[in-house]
Each structure stands twice: as C-alpha cells, then as structure tokens.
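S.K.: Here is my input; please provide its structure:
(chains A and B)
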There are 2 protein chains.
Amino acid sequence: MRTHYCGLVDETLIDQTVSLCGWADTRRDHGGVIFIDLRDHEGLVQVVVQPDNNTAFAAAEAVRYEFCLRVTGTVRARPSSQVNDKLATGKIEVVVDQIEILNAAAPLPFMLHETPGEETRLRYRYLDIRRPQMQQTLRMRTRLTQTIRRFLDARGFQDIETPILTKATPEGARDYLVPSRVHPGEFYALPQSPQLFKQLLMMAGMDRYYQIARCFRDEDLRSDRQPEFTQLDMEFAFANERDIQDLVEDMIRQVFKEVVNVELDAEFPRITYAEAIRRFGSDKPDLRIPLELVDVAEHVRHVEFKVFSAPASDASGRVVALRLPKGAELSRKYIDDLAPYVARYGAKGLAWIRVDDLSKGREGLTSPIVKFLDDRAVEGIFTAVGAQTGDVIFFGAGNYKTVSDYMGALRLKIGKDNGHIEKSWSPLWVVDFPMFEYDEQSRRYMALHHPFTAPSIDDAADLRANAANAVSRGYDMVLNGNEIGGGSIRIHRSDVQSAVFDLLGISSEEAEAKFGFLLEALKYGCPPHGGIAFGIDRIAALMSGTDSIRDVIAFPKTASAQCLLMAAPSAVPEVQLQELHVRVVKPVKANS
Amino acid sequence: MRTHYCGLVDETLIDQTVSLCGWADTRRDHGGVIFIDLRDHEGLVQVVVQPDNNTAFAAAEAVRYEFCLRVTGTVRARPSSQVNDKLATGKIEVVVDQIEILNAAAPLPFMLHETPGEETRLRYRYLDIRRPQMQQTLRMRTRLTQTIRRFLDARGFQDIETPILTKATPEGARDYLVPSRVHPGEFYALPQSPQLFKQLLMMAGMDRYYQIARCFRDEDLRSDRQPEFTQLDMEFAFANERDIQDLVEDMIRQVFKEVVNVELDAEFPRITYAEAIRRFGSDKPDLRIPLELVDVAEHVRHVEFKVFSAPASDASGRVVALRLPKGAELSRKYIDDLAPYVARYGAKGLAWIRVDDLSKGREGLTSPIVKFLDDRAVEGIFTAVGAQTGDVIFFGAGNYKTVSDYMGALRLKIGKDNGHIEKSWSPLWVVDFPMFEYDEQSRRYMALHHPFTAPSIDDAADLRANAANAVSRGYDMVLNGNEIGGGSIRIHRSDVQSAVFDLLGISSEEAEAKFGFLLEALKYGCPPHGGIAFGIDRIAALMSGTDSIRDVIAFPKTASAQCLLMAAPSAVPEVQLQELHVRVVKPVKANS
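M.R.: A predicted model of the protein is given here:
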C-alpha cells in the first residue's frame, strides 16, 4: 500500500513518486492550495494538493483531523523560504497526484496536539498513543526489553515461561483468584512473582533462567502501582551474590547506554541497609541529593528537653539533624508547611534552627526549640553537621524507624525543592538487610525480603539462636531513589528453610500445606542458587523521564484498577458464574 | 564456584585444574576407585576419586544419585581402552583433589535414566527437567522464541504487552474470570487472545506489533490443549494478505532453518478452504500423505443403493472414495476396526471394496456393498480413483461436512498406519474461508474465524445480501496437519463491523455492551490492518518431535487442568473469598 514511511521521506527522493499512508495531522488551506501534514509512526511529511488536480482536491477538502489517508505523489524540494528545520522532512514536500480516504474520522474527543486529562487519555487510549510522545515512549520500551534479551541470550540464559494460573502464595491476601470450573470450590491464584517456579527451575538443573514476566498484586493502588506489572525475573545456579550483582550491573549499564545513551558508573557503590537508614533515612536512597542525616543523640542526651533527651537515651530511639545549606533564604511559610508534610510519615512535629549569623552565637539563631538546648548541645550539633551561616537545621527525634522514615522523606523533599540534586543518574547497591523485622503489632518476625531468602548464617541451629541479628543475603539495586531491582541468594537446604518458616511463625502444618512441594524439592540435591528481579515498568518510566508508569504501559489501569477503555472489570451473566461454582455476595452497605 | 561446565571439559584442558559443579548422575566403585559421572546442563564428565585421597574418598563414598557436588581436580586423558566415543567428554576424566557435597539427595521417586509415567513426571517436574532430553527440549524452545524475536526486531515490529486482566469476550463461556475486590460483583476475564488490543494498537498508529503472549481458554482439555498457552501474536497496519503471509512465511522458514536445521519449501503452497475440504476432508490437511478424497457422486447418483444415491443427489450431500494402495494386504480385522474409528467422527458405517484382481472384474472384488452397485457405477468409481489390483477403496456418503470430516480422519489414519507419508515437513496456506458457517442447531450464522475478520466483500449492504456465500479474508498456516498459525485482514470500517455483528445475531445492544469501545474506535480513522497468531507450544512440539505440548512447557497442567507439582487449583480461606465478594456454591451431587 505504500512505498515509504511519511517521517522518512527525504531529499534523496526528490522527483520520485512515492505512496504514503498515514493520518491527517493538520490540514491548512493557503492561497487556494491545501497542505496536509501526513503522519505515521516515523513522523510527519507535508503533502500539497493543487487546485488543478480536481479529484484529489475534492478529496482533500473533505479531510479532517485524523482521517486515514493513502497518498501518491512526487517529492520536491520546498522553496527555501518554506524550509522547516524543526522537521526531519522539512526540506521537502510531496505534491499529490492521488489521494485516497482509507477511513474518515469523526470529530475528535480531544486534539492530539494537546495532552488531555488522564481519564480522557485512558478512555481513548487508541488516540492518546497516536501522539508522537507516546509512540516514542512505547518504542523505547521495546528497545529496553530487546536490549535486555540480547544481553542475556548472549550469556546462556534460558527464557522459560512459568504459569499464570498457579497456587495461592503466602502473601495470599494480595492474590487475584480464579475459580476453577472443573474443580468446584477450588481456585487458581495469579502469581505475585515467579519466585517459586524459578527456584524450582534451578532445582531442575536449568542453570541460568530469565523471563520478562507478568506479575499481579491486588492491593490498594498508589500512583506508581498497577494490578499487573512486568518484571525481568532472573535466577542463577551455583552463583554467589557477587556473581549475580556483577552480571546484572553490566546489563543495566549496557541497557542505559544502548537505549537512552546514558553512561552509568563503572562500578555501582555498595552500602549496607544500616548505613542507608543512618545516612539517608531510606533503604532506597537517592544519592543525587547530597544532604545527609547526622546522629546527634550524644549531644542532647543531657538536656532537659525530653523530646530530644528521651530518645537520645533509648536504644530504640534516634535523634538526628539534617542541615539544609542556604535554608535561611526560605520563607517561614515553607518551613512551617514541612511539619504537616513529615507528619504523614509519622512525625509529631518538626524542630529546626535557622542560622542567621553564626558569629553572633545564640543571638544569630532563630528557632522554636533552641531555648531548650544548652550551649554544649548547640555547639555539639553545629560541629557535627558543620553548620554555617545561612543554614537551616532540621531535627528528628523519637523511635529509630519513625525518625528515619520522616527525616528520609524530608531529605528528599527539601533536596528536590531547593535544587540540591547533583547529577542525573545515581545507581547503587543496598546490601546486608536484616533477615527479619520484628512486628510489634503481631508480635512476630516478618521476612524483610521473602521467606526463601538465605540468611548469612548457614546453620539452622545458629540461625534460630541469633534470629534478631541475622543478616540476609538479599540485595537491592537502587537508582535515583527508586528500588529498580531486588534479589537474594536463596535457601537451598531444607533444614534452613524449615527454621526460617518456624521463625516467621509459619507452623509446620501451614508450611506443608503451602510449600510442601518446595520442602520436598529441596531434598533432592537442590543446588545453591540466587537471583534478582527488576521492575521493567519503573525502569522504562525512569528512562523516558516520566513519573508515571502508566505512561510506559500501553493499556494501564486506573488507581481503582479499572480499564477505562474496555470498561473492565464488569458484571458477568449469572449462568457463567454458576459454571464456575461461585455466587456474588455484595457487601452490606453501611447505611442500610 | 566453578571454572568450567561439566559437559564442556575437553582435551584442551589436560593437566589443568578445574572446578566443576553438578549432580551425581551415576557412581561406580571399580577396583577400589570411585567413578562419578558429574552432570550439569551442558552434559556429563567422568570424575575419578582415588582411595589415597582419604577425605575426598570418604565424601565420594557418601554420594548417591543426584547429590549436588562441587569438585576440584585435574583433567587427564583417559587410557585409550576407556575412551567413550559416545560422550563429548569421553576422551578425558577429572582426577579429584577435593569434593564438596553441596546438597544431599534423598532416594529418588524415579530413576532419571528412565522416563516414568506422566503423572510422576509432572509431580516431580524438577527432577523430570534434569533429564537431558527435557533440558534440550526447553533450550530448543528458548532458541525458537529468540529466533522469532530477532527476525521481528530487525523488521521494525514493536514488542508491546497487553493486559491479562481484561474484559470478558464474546466466547465468554470459555473465559477464566477473576473477581474484583474493589468493584463488588464485577469480574476481569483472562484473555483468550490479545485480538482486540492488537487491533486497538493499529488504531493507535503502532504500525507493526508483536507479542509472545499468554492466552487462556477454559475448555475441556484434549491431549494437545492447555488452559494457558502461548501465542506469537502479530498485527500489521496498512498491509494486505500477501504482505503479511510473505513476511511470516519467511519468518517460519528462518526459524526452522536456524533452530532445527530444517529447510522448508521456498514458497508454501496455497489452497482454498473449499479445495482442502474437497481433496483432504480437512481445513488443516497433512500434505505428507499423498492419499486424496475423490468425489464420485456422479457415478452413483443412479444406483438403487440409497446410502450412496441419496446424498449423491442432494446439494448438501457428498459421496467420496478414498483409494489406499496395497490396502489388500491389510487384515480383515484392521479394515473392520476402521468403522468404529470413523464413527467417532460421525460416520454411520464404512463401505469399502477390495480389489484383489482388477483383471477378473466383479469376481476379483471383495466388498460388503459392491453388490448394490451396477457396473457403470463401479467402472466410473474405479476410473475416477485410478483403481489398481491390490487397492482397497473406502467410501463415505452423507452430509457434506460429516463425510468430509470422517473421511479426512480416515485418510490420516490409514496414511499414517500404512507408511504413506512422503516427506518430513509440509507447510501450506489455507485461504478463502467461508465468512460464516450456518449453525443448524441455533439457526444462525457463526463466525468461522472471529467476528473481526474482514469479508472479501467490502460493502456492508452487499455483504448483508450475500452473507451465505461471503468469503473471508482469513488464512491459516498449516504444517504437517497442524494449524500452526491463523490470521486475517480485519474489518476497519464501523459499518462493515456492525453488519457482521448483525449477521452473527449479535444485537446492537449486545454489540454496544461488549464491543462499544471497538465500534467507537473504528470511527476515528482506523487504518486497514490485519495480522496472524502462531501457536508457540505446537511449533515447539513439532520441532522437538513430540506429540505432546506438555513436553515443551516447563510446568504444564494435566488434562483436568491441575498442576500436580504445586497442587493447584486449591481451596482458599473463606475470609479471602469474602474480600472478593464471592461465595462458593458447590454443585448438587446427582445421588443426593
């Protein structure tokens, strides 16, 4: 139907006849001549319809926005006055011989030259994706997965598909379930990840596995979550942490280089979980922001001010200072508005000291709380943070985790708000996660990664004795404050796996019911193995510079898990549910 | 952990120290020395443990089948008497310095050197896959998808993921449903194919799309069906049948060449649906079998024998003969057993004539029915089929479709049973399918492909007037009697789509409810487009020479849609169902 793509017609084709297919991006009548910008996936080309070509001119007069056209004509150079340097095809135009309307278009719900509201974009996704920016974003995503695959194919990884209809997992509450027609009362679960299958593949002798796998999680959606998402899932037999990290670090470097021409660090820095929380208040620190949390408990342990001194003396407490250079230039309103911001992360208030003039001692400070601190405390803090005239110093005090959380959030906010971002791409590894996190509410250990993560203690009895301090063999890759990948060395011995289930409060009956097959598989010479998974949607979003993963997914769902285009989910006929042996039980409304 | 793979140790490494990881395939004690065949994904190597190495020897003595080991030792040439030419590593062996038991193995449920029953294989899939044959099959499948992707990547196809949680489709009865937690009483459906999404992508200007996509169909399983299966899904904008067929034919040729070193025909033959049914009784004819159905209605229209003469005179009837050369050598039992065989396909009996000696006229024939045929009929038939001494000629008579079905099945059976298979690979295109099939039971038209397939009549009014004879723009790729791919040019105009829905008895309300988004999308300049989908599981099975697609799927389900390894589907806690607003309603048992 066509000889060339619109966006690729160039001066080498001058005087040649071309056939093009595409959409009418614009139509202009100018001096009795009709100009149409014809657009396809490669770009735009200007098409000129002369009034002396009666048939074509009549057709062109009928053309409206987004009519689908086939055009045959001759390429010619534009007059120099009309050359458009911003357009790849701006030096030429196509003088129309024939124009065929392949399909008309009704008046559009929005103009493609604008970016409408997201609801409109998702409702008319087939028009939204015609916009060049979406075309480029989705094509970039193709290049991303292509590059990943080429890298892994060259290194002996087997691309193996694992089931979507599978068994409910331990975090079952977040499973999407699928009723079985053949087995009344039974359900499949959609996988939250192929975790167990990839471990089974290692037990099956597959050596190196990868899959670009769809995963599902039925949880309340935040802006960056989707009910279904895509992960690059990998697993290695007979490998240790460093083997895995080195290979995937090379992969990420190559991918960024090839897809978006970004050179990442030759070696990604490594920091421990403890250090990440201590310095950045986050296990996914954004290292582009040079601000750091500084522990000041030792300087305030003696003061009367209980807000500081109590946590300073408590083993589970924390008192930190965060120095914002040039913070003194900020409005009082900006500073006051930070208190409700950190409150969202659990802060009860936000103490601060503004250093108007360091040389004037206390006279030179503005602060709601400095009156509660003696000189020794103030001097100790100032020395610790390296205070200078013009700074504002913020304080967090209370429970170690809560303080770290909200001061970490504050660090990100004041860093980004005030231009404290040093370079564009800042990857790192976070390692040495605690094996378990003690949950005060349920009074039991929780797995910080998942319950198949190997502890650094390789002996089951040792592990039971030292669970609280056990470090896991997990690792996360973080980029610009986003956890883009996470993995671990897995448990490959059944006694260690049983011990971990025990420590997590999973009874042996429960473990048998849920993971009996895994415990059994571990008995038959399971190799040491480990792996990692990367969030493809997040990496694609970072690469294309968008905050929303919805921009890198062709047909995403809304925050309430709906597809606005097809209107899913939807009601289904009763007879169909009968076949599946289920009945709808609608929740009782609160006001009925 | 290792310096080399077991299966790749060779003479270039003699006198070098190597570290190897793998499984004990066998262990033999011979003359006070222990020999272990150590196996990894690349193959086997013989490892020798001398008694003077006390520590290693003690470890080696503990080794049983499938122990997971790490071995360090020195490569040496085997004595010439012990060279094993059948083994890639058969010229060398590794003299052990150190042996580390990475993991023990309990006594195995089956010996890996045997192929146990399928239930055992699926229950212990992680052991089954350790068998070299399964390793090779799954690695071949990786090469298959790699080769496809490379081919398509080089031709500008965009690899775009479409949703798994989507809307119920017209063939809704076969949908797997997923209850929504957020929207009580509503359900997602798992896609039977990405059909509508790929059409929407063309409307969205994506030009060329592909995806290796998971699809789901909840139907009663036959040996070659799985509840979830994988298809290579493709769509092209601004393309006609030939553009699409030529490209994918090249792809299939390249894939067979690269993956299994098979040269397929330089151009695949094309036959129409009508011709396929007429000559082979099947729309997916196996052209390796040279036997053909021959219509003989004209020769039997006049006979008294109503079984033949009635359908011979009926426009919807058919009388065919199928000549089996050398069939006279077959036992009477074999021939008699064919009647119940064809009965499964709807035959009420199976008439036949054995040509013991053509020169003897009727005397030379054996047949239960020849007495009902006059000489003119017999001669007419014999000439039509080219009868020779030694043949058996089988007859089918009755409804056109039924006769074609069972005689097509008979053709396959007697061809395969009696060695009438000419060459190994026989691809072809079947084209010009009827647009609609009239279903006598529901007294309405059914779509032979799917309701988005374009008719060859491009005018809505014309189509309505000539529905019964309309030919679709669909096409199937058939290989050795398997439909490996099927596609069509799609409807790109909303008036034609509405007409097709009408003819299929889909009311405008129903069309609006199910496909409102599609009808709307067609209004905005939808381009002409078409595509195809290939069954990856089937192609992989054909390539690896297995009849069962379960052999090319890492974790397949049984014929009753169960995963024997993980025991899915399974019951789930009531509280979890409450969250999803459904309740189980078990079927009432017949005997209660």
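
S.K.: Now do the buried residues in the lowest-mean-pLDDT helix or strand in chain A.
M.R.: Counting by mean pLDDT, DSSP states H and E, chain A has its least confident helix or strand at strand A:444-447, which shows a mean of 78. Neighbour-count burial for strand A:444-447 flags A:445, A:447 (criterion: 16 or more other CB atoms under 10 Å in any protein chain shown). In short, each C-beta sits where N, CA and C put it, glycine included.

S.K.: and stretch A:352-368, average pLDDT?
M.R.: Predicted confidence along stretch A:352-368 averages 95 (mean pLDDT).

S.K.: buried stuff in stretch A:378-390?
M.R.: Within stretch A:378-390, the residues that qualify as buried by neighbour count (16+ other CB under 10 Å) are A:378, A:380-382, A:384-385, A:387, A:390.

S.K.: nearest residue to the residue in the stretch 201-350 of chain A that chain B sits nearest to other than its sequence neighbours?
M.R.: Residue nearest to chain B within the stretch 201-350 of chain A (CB to the nearest CB): residue A:204, separated by 3.5 Å. By the measure of CB to CB, 6 or more residues apart in numbering or on different chains, the closest residue to residue A:204 outside its immediate chain neighbours is residue B:129, 3.5 Å from it.

S.K.: Determine the number of other residues adjacent to that neighbour.
M.R.: Using other CB atoms under 10 Å in any protein chain shown, residue B:129 has 22 other residues around it.

S.K.: And residue A:32, by the same measure?
M.R.: Counted by other CB under 10 Å, the residues lying close to residue A:32 total 9.

S.K.: looking at it, it is touching residue A:48, isn't it?
M.R.: No: applying CB atoms under 8 Å, one finds residue A:32 not in contact with residue A:48, separated by 11.5 Å.

S.K.: The closest residue to chain B within the stretch 401-550 of chain A: what's it in contact with?
M.R.: For the stretch 401-550 of chain A, the nearest residue to chain B under the criterion CB to the nearest CB is residue A:525, separated by 3.7 Å. Applying CB atoms under 8 Å, 6 or more residues apart in numbering or on different chains, we find residue A:525 in contact with B:23-24, B:66-68, B:103-105.

S.K.: If we ignore the residues flanking it in sequence, what's nearest residue A:104?
M.R.: Nearest non-adjacent residue to residue A:104 (CB to CB, 6+ apart): residue A:67, at 5.7 Å.

S.K.: Now do the phi/psi pair for that neighbour.
M.R.: Per-residue torsions, residue A:67: phi -60, psi 140 (degrees, to the nearest 10).

S.K.: thinking again about what came up before, pLDDT score assigned to the residue nearest to residue A:204?
M.R.: Confidence per residue is given as pLDDT, and for residue B:129 that number is 97.

S.K.: my guess is it meets residue A:209, correct?
M.R.: No: counting by CB under 8 Å, no contact exists between residue B:129 and residue A:209, whose distance comes to 11.1 Å.

S.K.: Are there residues contacting both of those two? Which ones?
M.R.: Counting by CB under 8 Å, 6+ apart, the residues touching both residue B:129 and residue A:209 are residue A:201.

S.K.: just to revisit the earlier point, quick check, nearest of the buried residues of stretch A:378-390 to residue B:424?
M.R.: Checking these against residue B:424 with CB to CB, the nearest one is residue A:385 at 77.6 Å.

S.K.: before we move on, what SS does the closest residue to that closest one other than its chain neighbours have?
M.R.: Computed as CB to CB, 6+ apart, the closest residue to residue A:385 that is not its neighbour in sequence is residue A:323, at 4.2 Å. Secondary structure for residue A:323, judged by DSSP: H, G, I helix; E, B strand; the rest coil, is strand.

S.K.: picking that back up, ok, of the buried residues of stretch A:378-390, which one's closest to chain B?
M.R.: For chain B, the closest of the buried residues of stretch A:378-390 turns out to be residue A:384, at 44.7 Å, with distances computed as CB to the nearest CB.

S.K.: got a list of what that closest one touches?
M.R.: Residues counted as contacts of residue A:384 (CB under 8 Å, 6+ apart) are A:294-296, A:299, A:321.

S.K.: Regarding it, what is its secondary structure?
M.R.: Following three-state DSSP, residue A:384 is assigned to helix.

S.K.: Can you verify residue A:59 is assigned to a helix?
M.R.: Yes: read with three-state DSSP, residue A:59 is one of the residues of a helix.

S.K.: Show me the domain layout of chain A.
M.R.: Chain A breaks down into these domains under the TED database: A:6-103, A:134-165+A:191-269+A:428-567, A:289-421.

S.K.: what's the burial count for the closest residue to residue A:434 other than its chain neighbours?
M.R.: With CB to CB, 6+ apart as the measure, residue A:448 is the residue that lies nearest to residue A:434, at 5.6 Å, once sequence neighbours are left out. Counted with other CB under 10 Å, residues neighbouring residue A:448 total 16.

S.K.: Can you pull the phi/psi pair for residue A:448?
M.R.: Taking degrees, to the nearest 10, you get phi -80, psi -40 for the backbone angles of residue A:448.

S.K.: if we can go back for a sec, what subset of the contacts of residue A:384 is buried?
M.R.: The neighbour-count test (16+ other CB under 10 Å) marks A:294, A:296, A:299, A:321 as buried among those.

S.K.: In these, find the pair that's most separated.
M.R.: Farthest pair in the buried ones among the contacts of residue A:384 (CB to CB) is A:294 and A:299. Separation: 10.0 Å.

S.K.: which residues are contacting stretch A:130-146?
M.R.: Applying CB under 8 Å, 6+ apart, the set of residues contacting stretch A:130-146 is A:23, A:39, A:41, A:43, A:66, A:112, A:115, A:128-129, A:212, A:255, A:258-260, A:536, A:539-540, A:543-544, A:546, A:551-552, A:554, B:149, B:153, B:158-160, B:204-206.

S.K.: Figure out how far it is from the centre of its chain.
M.R.: 17 Å (CA atoms, centre = their mean, to the nearest Å).

S.K.: Stretch A:482-490 too?
M.R.: Going by CA atoms, centre = their mean, where stretch A:482-490 is centred and where its chain is centred differ by 13 Å.

S.K.: Likewise for stretch A:65-73?
M.R.: Going by CA atoms, centre = their mean, where stretch A:65-73 is centred and where its chain is centred differ by 39 Å.

S.K.: how about that stretch: buried residues?
M.R.: Those buried within stretch A:65-73 under the rule 16+ other CB under 10 Å are A:65-73.

S.K.: count of neighbours near residue A:131?
M.R.: Residue A:131: 19 surrounding residues under other CB under 10 Å.

S.K.: If you could redo that for residue A:97, that was the one I meant.
M.R.: 17.

S.K.: for the one 10 residues further on, same thing?
M.R.: Here the neighbour count serves as a burial measure; for residue A:107 (other CB under 10 Å) it reads 9.

S.K.: Noted, bye for now.
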